[in-house]
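>>> Need coordinates for the below:
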Amino acid sequence: GTQQQILRTTVRPRKIEKIFITHLHGDHIFGLPGLISSRSFQGGDDPLTIYGPKGIEEFVRVSLKVSDSRLKYPLEFHEIEQEGLLFKDDKFQVTCLALDHRINCYGYRILEADHPGELQVDRLNQENIPSGPIYGKIKAGQVVTLPDGRLINGKDYLGPAQRGRIITILGDTRVHPNSVKLALDADVLIHECTSKKADSKMAKDYFHSTSRQAAQTALTAQVKKLYLTHISARYLGKEAQQLEKEAQAVFPNSTVVKDFDCFDIPFNKKERSEEK
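This next block holds a predicted model:
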C-alpha cells in the first residue's frame, strides 16, 4: 500500500536513503521488498540503509532471493541491538527506544539540527558591505576580507539560530514510559490510535493504544501537536471522528490524519536543553 501511495506523491523512491521500521508485523513490512525493487527500476543507484528490529535483513533478503529480484544499488542493514542513538549527520539525528507490543517494536525520535540565524541584510547595507557572493560567506559565518580591506566576522551579522524541530514516531504499543521519553517536548507526536476508549480492553489485549491513551502521552510529554494514525478499520465515518474528539478532550491539539495530509511544522524559537 505504501508503494502505491508514494506513486501519487512527489516522493521518489530513488531519492530515499534510509528506511526505519518499527516492528516486523506484516502490515508494516510486507510492502518493503516491492518498494526496494521499484527503487532499483527507477534508477536508484545510491546505497539504501534499512533500520529495524532483528530479523528485518533476513526477511528482505529472502524475499528478494525467492522472487529473483536484483538490485542496482548496495542494500545495507542496521538491526537494532540496543536502544539509543541510531544515526546522526549534519542535518538530523535519530534515536530509538523499545515500546510495549507483542513483538519487538521501537519508537523513533527525530531531532533536526539547529538552523543558522538569518543574515542581517539591513545592517550589512548600513555598513556599506556590498552584496554578491560575499554574502554567502558571511551567511556561513566565515571571516571575510572586504574589497576595501575591512576584516569582518560573518557570525556578527547573523541573527539567533533557530532551534531544530523534533518529530516522534511511535510504533504499535500499549501505554509505556518510553513513549513519553521519546516524545518529550516534541513539535509533533505521531501516535497509533487503534481503538476508542470503550474498546480499551481489546486495545490492551492486542498491545495497542486508545485515542485517550495517545492523548495522555502527548499531554504528559508536553508536545505541540498530536497526529493520530493506525485507526482500526472497524471505525468509519462518525466513529473515526469520535476517536478524534476523545483525544481532544484530553489534549486539544489532536488530529486524526490520513494519507496525503500535509502540515507545516513551524520553528520553535524558544531555547531547549541539549539532547544527550
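>>> Distance check, G154 against Y135.
As judged by CB to CB, to the nearest Å, G154 and Y135 stand 9 Å apart. (Each C-beta comes from the backbone N, C-alpha and C, glycine too.)
>>> meant to ask about K225, not that
Where Y135 is concerned, K225 sits at a distance of 35 Å (CB to CB).
>>> Same check on C193?
According to CB to CB, C193 and Y135 sit 47 Å apart.
>>> Neighbour count: those two, which is higher?
C193 (30 against 17; other CB atoms under 10 Å).
>>> OK, contacts around the more buried one?
With contacts defined as CB atoms under 8 Å, 6 or more residues apart in numbering, C193 is in contact with 209-211, 214, 228-231, 243, 247, 256.
>>> One more pass at 6 Å, please.
211, 214, 228, 231, 243 (CB atoms under 6 Å, 6 or more residues apart in numbering).
>>> Among those residues, name the ones in helices.
211, 214, 243 (DSSP state H).
>>> are any of those buried, and which?
211, 214, 243 (16 or more other CB atoms under 10 Å).
>>> Would you check that the last one makes contact with K196?
Yes. Counting by CB atoms under 6 Å, L243 touches K196, with 5.3 Å between them.
>>> coming back round to it: among the contacts of C193, pick out the one closest to F251, please.
Ranked by distance to F251 (CB to CB), the contacts of C193 are led by A214 at 8.2 Å.
>>> so what's the closest one up against?
For A214, the contact set (CB under 6 Å, 6+ apart) comprises 191, 193.
>>> Next, show the common contact partners of L243 and K196.
S211.
>>> Can you verify my assumption that V144 contacts G136?
No. At 10.0 Å, V144 does not count as touching G136 under the criterion of CB under 6 Å.
>>> which of the two has more neighbours?
The neighbour comparison of V144 against G136 (other CB under 10 Å) goes to V144, with 18 against 12.
>>> In the contacts of C193, find the pair that's most separated.
Maximum pairwise distance among the contacts of C193 (CB to CB): 10.9 Å, between A214 and I231.
>>> what's the pLDDT at L85?
At L85 the predicted local distance difference test score is 97.
>>> What is the burial count for it?
Around L85 there are 14 other residues, counting by other CB under 10 Å.
>>> Now it: which helix or strand?
Counting by DSSP states H and E, the element that carries L85 is strand 84-88.
>>> List the contacts of that strand.
Contact with strand 84-88 is made by 51, 94-96, as judged by CB under 6 Å, 6+ apart.
>>> which one of those has the most neighbours?
C96 (24 neighbours).
>>> what pLDDT does that one get?
In the predicted model, C96 carries a pLDDT score of 98.
>>> if I look at it, how far off is I134?
Taking CB to CB as the measure, C96 and I134 are separated by 43 Å.
>>> Point out where the stretch 151-276 of the chain drops to low pLDDT.
Low-confidence segments of the stretch 151-276 of the chain, defined by pLDDT under 70, span residues 269-276.
>>> Let's see that with 50 instead.
Residues of the stretch 151-276 of the chain that meet the criterion pLDDT under 50 lie in 273, 276.
>>> Now do the helices in the stretch 51-200 of the chain.
For the stretch 51-200 of the chain, the helices identified by DSSP state H, counting those that start in this stretch occupy 56-66, 121-126, 133-139, 177-183, 200-205, in order along the chain.
>>> G149 - how many residues pack around it?
Using other CB under 10 Å as the criterion, G149 is surrounded by 6 other residues.
>>> can you pull the buried residues of the strand holding L85?
Of the residues in strand 84-88, 86-87 count as buried by neighbour count, 16+ other CB under 10 Å.
>>> thought V175 was touching Q213?
Yes. Between V175 and Q213 there is a contact under CB under 6 Å: 5.2 Å.
>>> quick one: which of these two has more around it?
Taking V175 and Q213 together and counting by other CB under 10 Å, Q213 has the greater number of neighbours (26 against 16).
>>> How about the contacts made by that one?
Under the criterion of CB under 6 Å, 6+ apart, the contact list for Q213 reads V175.
>>> What of D45?
Contact criterion CB under 6 Å, 6+ apart gives 72-73 as the residues in contact with D45.
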